[in-house]
Each structure stands twice: as C-alpha cells, then as structure tokens.
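In: Okay, sequence plus prediction incoming.
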Amino acid sequence: MTAHAMSHTLAAGSGSGWLAAFTHPYFLHAFLAGSAIALAAGLTGFFLVLRAQVFTGDALSHVAFTGALAALAGGYDLRLGLFAATVAVALLIGAIGRGGRADDVAIGSVFAWILGLGAFFLTLYTTSRSAGNGGAGVSVLFGSLFGLSAGQALTAALVAGSICAVLLLIARPLLFASVDEAVAAARGVPVRLLGLVFLVLVGACAAEATQAVGSLLLLGLLAAPAGAAARLTDRPFRGLALSAVLALAEMWAGLGLSYAVPTLPPSFGIMAAAASVYGLTFLKGAGRGRDHEKGRNGTSRPARAFSRLWQTATMPALGDTDHE
Amino acid sequence: MTAARTASVGAVTDPAADPVAPPVVSLRGAAVRVGGRTLWSGVGLDVGAGEFVAVLGPNGVGKSTLVKVVLGVRQPAAGEVRVLGAAPGRAGARVGYLPQRRSFDASLRMRGADIVRLGWDGDRWGLPLPLPGRFRRGAAAASARIAEVIGLVGAEGYADRPIGQCSGGEQQRLLIAQALVRRPRLLVLDEPLDSLDLPNQAAVAALIGRICRDEGVAVMMVAHDVNPILAHLDRVVYLAEGGAVTGRPGDVITSATLSRLYGTPIEVLATSDGRLVVVGQPEAPARHVDRHEDGGRGAAVPGPRDARANVPADLAPFAPAEPGPSGPSGPSASSASPAPPASPVSEDVRRD
C-alpha cells in the first residue's frame, strides 16, 4: 500500500485533476476490477437480500478467508483457494439447506468450524513461509484493491462480468422462485437448480469481492447497496438495476476518496460510501410511519443482516471458535 | 338462493356423461402412497369446464397431495390421472395454482402488480428491458392483461402497494389474479380461505365462484370448512384414509354417507341458516407426516383406524355460504366433513 501511495504522491505534482488518476496503472487496475466487481456484487446482493440469504454471504466471507489462506499455505495462487472454497461451500450450503435455500442453522454449524480452519492455515502460512508475504492475512481480510496487477485486474473483471451476465440471464425466473417458490415450481421453473446456480454465483462473487474489499467487508458490498435499493423502490427490476448502480457509484466514490486522501485505504472508502448511502435511505422514510418497514419480529430485514455483520466483526479472536 | 343453487347443481351434475367436452381433470382409481402408507385410493373424479369442485376431508388425509398429483408434482401410485387431456404437469400455463401459504413477509417490498406479473412471464429467462417504440407490443399486452385481471379480482385499490403491506384477503385476491393472468382453464387452490376472517372468506369464495361461472374456469379447491363455498359448489370429493367419495354436496355430505366412509357414526346437522355441521368426525390420524413435508420419510406406522373417532368431535359447519357476512359465525370449528363411502350415493338426503 505504501507503494501506490508513493507513486500517487509523485504523480500528484502533474496536477491534471481526476483524469490523472488513470495514468497510474494501480488506479486503472483498481478501477477496472472494482467496477466489474461492484456491478456483480450489486446484482447478486439484490437477490441475496430478497431471498433473505444475507447470512449466506456472511458465511462465505469466512470461507473466503480460509480458502485464500489455505491456498497460500499450500503454495498456490490465493485466488485458486478463494474460488474453490467459496463455490464449494456455496454448493454445500445449498445441498444442506432445503430446496436450494440455505437455512441459518446449516450455515452456522459449518462456518464457525471453517473459520477455525482459517486460523490454522494462517498460522501454518506465517510460520512455514514467513519469508513470503507477512501481511497476507490482513490483505485477505481487508482487501488490496490498489495492489492488483494488470493480469489480476483483467481476470477479476472478466469473472465479474460473467457473473453479471449469468445473473441477468436467470434474473426473472430467479425472482419468481425467490418470491413464490411453490407457484414457480408448478409453472415449470427449475426452482432447485436456480437456487444452486445462484449460490454458485454468490460464491464466485464473494471470492471476487474479497479481492476488492476483503473477506471481512465483502458483506457490506453485497448487502448495503441492495438494502438501500430495496428501500428506495418497490419495483423488482428497478431495484435490481438500482442496486448495481449504487454499488458501482459507491465503488467509484471509495476509489476517489482513497485516491484523494492516500492514507485512507480503498476498502474504507468503499465501505464508508456504502454505509452512508444506506444510512441516507432512512431519511426517505423518515417522514412517514415506520411500522410497515418492520418484519414480524420488529426489525427490518436489512437491520437483521447488519446486526449479523456486526456480530461477525466483533467476534473475538479467530482461533477459539472451533465449536460445533 | 339455496334452492336455486340446488337446482343448478343438479343440472351440472355429471360432466362425465357429456361426451362432447373432455373433462378438465380426470382421475380413475387414483391412489397415492407416502412413505409406504397409502394415503388415499380409489379416487375417481371428473371435473368439467366451469365446474367448482371442493376437496374435503380431515386434516392429514392427503388433500394437498391430491393437488400435487393434479399438478404433476407427485406421481400417483396407481390409477390414471389426466389434466386437460394430457399427463399432469404438461398443461403449463393452462393450469393456475394457488398454493397453501401463510402470507408474504411484511418487509417484502414488491408491489402486488409485480407479483401478478410474475404469473404472466416469471418463468421466462432474461429480464424485461425497457424497450422503445414498436418493440413494446408484448409489454403493452402484458400490462393490459395484468390490469384486466387485477380489475377482475377487485384489487385496483391496492395493487400498487407493496404486497407485504396488504391484508390477508388482499394478498389472496392478488394471488388469485396471479393464477388467472395467463387465462388458465383450471384453477387449483389449496385452502385459499384458510387464514382469512369470515367476511373475507365469504367474499373470496364468492369471487372464486364468480370466476368459475363467468370465465368458465374449472376450479378445484382444497377446503377445510365447506360452508363458505357450499353455495358455489358443483361437487365435492371427500377423502378418507384408504377411500374417497365423489358426488354432489347434498349427496355426499350426509350422515349416512360420511358414517360409511369413515366407519364411525357421524352426524350432519343443518343449522337454521343453512350451514352444515358435521359431528363426530374422526380426528386426523396422529401419525400423519404432514402436508408440508415432502412426504418421503415420515409416515410412521399405520395406526389403528380412527382410534379417537368417537370423541365428541369437531363441529364443522356446512352452509350455503352466501357471499357477505354470512350469519353468525357459527361454530368456529372446522374441519368440514368426513366423506362418504363408496360410490356417489344418491339417496336424497338434502337437509336444507
């Protein structure tokens, strides 16, 4: 991170405004990969929120951490472990949960164990390969968007673009299956298959987002834009588009902020923008009664999602969660 | 009204006898097994176009399973099932389906009209794009049909509200609109009146009856209590463990028929306002696995038949439910009635 901060400082002297940012390869790469990842996260997140599966994204963030560190410990490309782990676990969750919808207990029982495994791999990696990248744990947890090479950025953009394409292709039947499973099934929509395909997309998206904002923060990119979009419109496809646009805007805002103030890491900028936008949407409803926003148990769905995020973030050290 | 309806019931009677129009739904000796236990068997039924048929029986007898068989989601263990002249599940959009459900999550922010629209094109891949000009023909047709069907169920007033904020009755009307939007010839409803209050039960029942008559849509409805729909019914299917009886409501819902079907003394009483009350109905078999479970595993031991049958049982009102607050809310009881034995009996035991 110091490297890009330095190169930024050097170039700032040329002073040709924002466009100058794109003369820095690190920023160009971050912009390319970040934009594609944001779009994928916005689209995927919308359905995650709609299907009340935000918790799945949460579980996958832990898996992403473990997978990445397992690959590093084994001497492989970090992304290999990332994708293998998130997609495999997404499928596992789908298999355990009924009808392709993961349920909370299934996820909860798996992911605490997986996180413990991540701690194990981290120890393994730092002890056996300490000559290598000592900050690997941190960059997996918090992302390293400004550290992407051209090849990495291109790969990330292509994968994210594919996620978007597949998701848009299945968007309508997936919406049907999410809202009205029994009727959709009776109409011939392959409900279970769609649920699994969606989970694979979520897994791939989590792996992508880990590279951008880190495994600890990826839920913010998945849930915040989608939650905000759901608060702003009650038309499903408008909400889907809005979620993607918000995610993209938040990504750009975060990158811009981080560029302008080099001491702020991009992950912080992106999360700050995401949280601010989500917070601002509450102003919209402030005038009218709020009761209709509440779910049965008195909290809104996004609120529940974020309380889970909070619990995750404040979870004590990684090592001691090895319970069933 | 009751009398008039009775007459019309007589007129429509036997669609199977009509050689011209093939029945919309036809079951011949159908049986279903769940986890090794036969839920019901020997079900024979013909539903003609524009007929309103209720599927009755105590909890757990397999009413929803019958629906699944008709939808093609579950295969019958025996017998023949045809829907619109083809194997079940092949009729696609020509069958509208309203599953048993509680309701939408209150936080679901999707307009009722969007829910209806899913019934129109929700099974197509891709997503609707905002296209300009001449490409919009299909979209215009869709909007027109959606508006039409929303009008048909009288949901104009709340179709633009998020469905999570609609009342149970409003949601049910919107879902009926969703099931109707592709102009099905058969409407399959699984306990659509279940969680509604009495006035709404009557109103939704009247709506379904009207759709059935005016649009010529055959209706198959699983019901817990027959009273709200009694006035609209053409025939009933009464399921019991191992058997079933089909026939006109007046023939089937009688003390004699139901006692025979369930092998236990059952009395059908008529209240002064015409509701029917079934006394002595067997309890649901305790071992029953339950309708929401996908069958398979559960079914435990077939216990002795109706061990508890003689407990002074449920009162199931059975009335010519007139749309509108129909009288005193009678015994809030429920399970409608037990079913008669063997063949469509035709002793004339009308009670009105």
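Out: Great, that's in hand.
In: give me phi/psi at residue 157?
Out: Answering for chain A, as no chain was given. phi -70, psi -40 (degrees, to the nearest 10).
In: Please refer instead to chain B.
Out: The phi/psi pair for B:Gly157 (degrees, to the nearest 10) is phi -70, psi -20.
In: just B:Leu56 next, same as before
Out: The phi and psi torsions at B:Leu56 (degrees, to the nearest 10) take the values phi -120, psi 170.
In: Pretty sure it sits against B:Tyr238.
Out: Yes. The pair B:Leu56 / B:Tyr238 is scored as a contact, 5.1 Å apart, by Cβ atoms under 8 Å. Placement of C-beta: from N, CA and C, glycine included.
In: in the stretch 51-200 of chain A, which spans are strands?
Out: Read by DSSP state E, counting those that start in this stretch, the stretch 51-200 of chain A holds no strands at all.
In: Get me the contact residues on it for chain B.
Out: A:52, A:168-173, A:175-176, A:179-180, A:182-189 (Cβ under 8 Å from any Cβ of the partner chain).
In: Low-confidence stretches in chain B?
Out: B:1-21, B:102, B:131-136, B:281-352 (pLDDT under 70).
In: Look through it and tell me its longest helix.
Out: helix B:198-215 (DSSP state H).
In: distance between that helix and the chain's centre?
Out: 12 Å (Cα atoms, centre = their mean, to the nearest Å).
In: Name the nearest residue to the residue in chain A positioned nearest to chain B, sequence neighbours excluded.
Out: Taking Cβ to the nearest Cβ, chain B has its nearest neighbour within chain A at A:Phe176, 3.3 Å off. Leaving out its chain neighbours, the residue that sits closest to A:Phe176 by Cβ to Cβ, 6 or more residues apart in numbering or on different chains is B:Gly122, at 3.3 Å.
In: Contact partners for that neighbour?
Out: Counting by Cβ atoms under 8 Å, 6 or more residues apart in numbering or on different chains, B:Gly122 makes contact with A:172-173, A:175-176, A:180, A:184, A:187, A:189.
In: Kindly recompute the last result at 7 Å.
Out: A:172-173, A:175-176, A:184 (Cβ atoms under 7 Å, 6 or more residues apart in numbering or on different chains).
In: Adding neighbour count and pLDDT, write those out as a markdown table.
Out: What follows is the contacts of B:Gly122, written out as a markdown table (neighbours: other Cβ atoms under 10 Å in any protein chain shown; pLDDT from 0 to 100):
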| residue | neighbour count | pLDDT |
| --- | --- | --- |
| A:Arg172 | 22 | 94 |
| A:Pro173 | 25 | 95 |
| A:Leu175 | 26 | 95 |
| A:Phe176 | 26 | 94 |
| A:Ala184 | 24 | 90 |
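In: of those residues, closest to B:Val149?
Out: A:Phe176 (16.8 Å; Cβ to Cβ).
In: how near is the residue in chain B positioned nearest to chain A to A:Met271?
Out: Of all residues in chain B, B:Gly122 sits closest to chain A, at 3.3 Å by Cβ to the nearest Cβ. B:Gly122 sits 34 Å away from A:Met271, taking Cβ to Cβ, to the nearest Å as the criterion.
In: same thing with B:Gly35?
Out: Looking at B:Gly35 against A:Met271, where the rule is Cβ to Cβ, the gap reads 50 Å.
In: Can you pick out the residue with more neighbours from these two?
Out: For B:Gly35 versus A:Met271, the count of surrounding residues by other Cβ atoms under 10 Å in any protein chain shown is larger for A:Met271: 24 against 13.
In: Name the nearest residue to that one, sequence neighbours excluded.
Out: A:Gly220 (4.9 Å).
In: List the contacts of whatever helix or strand B:Ala177 lives in.
Out: Assigning secondary structure by DSSP states H and E places B:Ala177 in helix B:168-180. The contact list for helix B:168-180 (Cβ under 7 Å, 6+ apart) reads B:96-98, B:103-104, B:112, B:115-116, B:118-119, B:149-150, B:152-155, B:158-159, B:163, B:166, B:187, B:192, B:195-196, B:200, B:203-204, B:207, B:211.
In: Weed out the non-buried ones from the residues you listed.
Out: B:96-98, B:104, B:112, B:115-116, B:118-119, B:149-150, B:152-153, B:155, B:158-159, B:163, B:166, B:187, B:192, B:195-196, B:200, B:203-204, B:207, B:211 (16 or more other Cβ atoms under 10 Å in any protein chain shown).
In: How many residues are close by the residue nearest to A:Met271?
Out: 28.
In: next structured bit after the helix or strand hosting it?
Out: Element membership of A:Gly220 [criterion: DSSP H and E] is helix A:218-232. Where DSSP H and E defines the elements, the next helix or strand beyond helix A:218-232 is helix A:236-260.
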